[in-house]
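Peer 1: my questions concern the predicted model and sequence given below.
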Amino acid sequence: FPALKLDALDLSPFYLAASKKLLNKYKGVTYVEAAAEDVPSKDKSYDIVTCVYLFHELPQTIRSKVVKEWFRVLKPGGKVYFVDSAQEGEVPYDRV
């Protein structure tokens with residue numbers, strides 16, 4: 001996807017450095033050091049938002065802010081792709 005443009009956002013400069021190594025062959029990547037609940041992007045600026053293994057690290061109050069932020073930055077009809085793991089104490093394990 002040579003014309004693909006994407007932002008790789010992480011609060012950790014160390015994870016962003018790892019992303020740069022992994023994605024260095026792609027020219028359209030912008031690396032953004034920021035919290036997921038405070039994305040420094042305009043409203044309705046993304047077609048897709050992905051979130052992978054972040055939510056279980058966040059307090060409940062921040063999770064709500066992150067979801068609100070997704071909907072702020074997503075274009076109408078945009079998609080969210082979400083992957084996480086259930087952590088002990090969050091949901092009954094017989095439901096997982």
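Peer 2: It's in.

Peer 1: may I see the buried residues of stretch 27-42?
Peer 2: The neighbour-count check on stretch 27-42 (16 or more other Cβ atoms under 10 Å) flags V29, A36, E37, V39 as buried. C-betas here are computed from N, CA, C, even on glycine.

Peer 1: what lies in contact with that stretch?
Peer 2: 2-13, 16, 19-20, 23, 51, 54, 58, 62, 65-66, 68-69, 72-73 (Cβ atoms under 8 Å, 6 or more residues apart in numbering).

Peer 1: now the buried members of the residues you listed.
Peer 2: D7, A8, L9, D10, L16, S19, C51, L54, L58, V66, E69, V73.

Peer 1: which one among those gets closest to F82?
Peer 2: C51 (5.0 Å; Cβ to Cβ).

Peer 1: which ones are touching that closest one?
Peer 2: By Cβ under 8 Å, 6+ apart, the neighbours of C51 are A36, V66, W70, V80, Y81, F82, V83, D84.

Peer 1: all set, thanks.
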